[in-house]
Every structure is written in structure tokens, then in C-alpha cells.
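# Any chance you could fold what I've pasted below:
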Amino acid sequence: MNKYIGIIAAENEEIEAIKNTMKNVDEVKIYNLTFYRGIINNNNYIVVKCGVGKVNAARTAQILIDKFDVEYIINLGSAGAVNDKLNIGDIVIGQRLVQHDFDLTAFGREKGDIPETGKIFKCDENLLKQCEKIEIEKIKRTVGTIASG
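This is a model prediction of the structure:
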């Protein structure tokens with residue numbers, strides 16, 4: 001069987017929208033999380049609600065890695081924007097991720113610099129290319145930097 005593409009999101013509405021497009025859905029419960037496995041366009045997906053915040057997202061991503069055979073993990077959800085060219089409903093595909101609230105300046109580091117990892121996290125190039133191919137009618141999408149905090 002092919003590996004899974006994992007999708008995590010903070011809210012039920014986001015999970016339900018994806019789950020409703022899946023075929024042959026089954027569910028697995030681990031650590032008070034419900035994982036929905038199914039097929040979309042002949043690809044295996046596993047979708048899970050992680051809850052709000054990067055700690056919940058990290059926890060859930062690690063469980064996906066530890067318990068399921070995932071090739072990629074996509075974190076999706078709604079957010080604000082500082083780009084005047086973006087509107088409500090637009091999609092940003094993250095080419096890079098930065099932490100806007102990580103601050104170790106008191107220890108001589110630049111704001112956003114995380115020891116041993118740096119300031120910028122780059123997306124997997126293959127996954128980025130696949131995401132760039134996706135066209136959704138009447139939805140503007142752009143590739144850019146996402147700030148998390």
C-alpha cells in the first residue's frame with residue numbers, strides 16, 4: 001500500500017470538509033485524537049484535528065510520524081495576513097515558515113532564531129511543486145512565507 005499524506009487542522013470544519021471528499025473512510029483513535037484514513041484521487045490520506053496552536057500541531061504531527069506511514073504532512077487552516085494583496089479565502093502555500101514570536105534576544109540571538117535550527121524552515125521542494133499544480137476555481141492562491149506564532 002502507498003504511504004499516507006497526512007493532513008492536520010485545528011478545527012472540525014476544516015477536517016469535515018476534507019473527510020467529506022474521502023472514499024473508504026475508517027477511523028483510528030490514538031491519544032484522544034481521531035484519525036480518518038481514506039482515499040482522494042487514488043491517494044491515501046489520513047486527516048486529524050490537532051486543536052489550536054503550534055504545540056498541538058507539533059504533537060499531532062509527531063503522532064502521525066510515529067504511528068502511521070506518512071510521506072508528507074500538510075498543516076492547513078485559517079489565519080490572518082499582513083500582505084495587502086491577499087483577501088479572505090485566498091490560499092497561501094508555504095514555501096518557507098518563520099516564527100514571529102520566538103525571542104531569545106536576551107541570550108544574544110536574533111529574534112526568530114531557534115537554536116540548532118535557524119530562523120527559516122523550508123518546505124519540501126517536491127511537495128511544493130505538487131501543491132503549485134493544484135488549481136481551485138475562483139480561489140486565488142500564492143506561494144510565499146508563512147509566519148507562525
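# what helices or strands is the longest helix seen in the chain leaning on?
Scanning the chain for the longest helix, with DSSP state H as the assignment, gives helix 54-67. Based on contacts counted as 3 or more Cβ pairs under 8 Å, 6 or more residues apart in numbering; DSSP states H and E, the elements that helix 54-67 packs against are strand 4-9, strand 33-40, strand 43-49, strand 70-76. For every residue, glycine as well, the C-beta is placed using N, CA and C.
# Using TSV, lay out these together with mean neighbour count and distance to residue 84.
Formatted as TSV, these follow (neighbours: other Cβ atoms under 10 Å; distance: least, Cβ to Cβ, whole Å):
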stretch	mean neighbour count	distance to residue 84
strand 4-9	23	26
strand 33-40	17	34
strand 43-49	21	32
strand 70-76	17	23
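# Just put those strands in a markdown table and tack on mean pLDDT.
Shown next, in a markdown table, are these (pLDDT from 0 to 100):
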| stretch | mean pLDDT |
| --- | --- |
| strand 4-9 | 89 |
| strand 33-40 | 92 |
| strand 43-49 | 90 |
| strand 70-76 | 86 |
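# could you dump those strands to JSON lines with distance to residue 129?
Formatted as JSON lines, those follow (distance: least, Cβ to Cβ, whole Å):
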{"stretch": "strand 4-9", "distance to residue 129": "14"}
{"stretch": "strand 33-40", "distance to residue 129": "19"}
{"stretch": "strand 43-49", "distance to residue 129": "15"}
{"stretch": "strand 70-76", "distance to residue 129": "12"}
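# Indicate which one of these is closest to residue 138.
strand 70-76 (18.4 Å; Cβ to Cβ).
# Sounds good, over and out.
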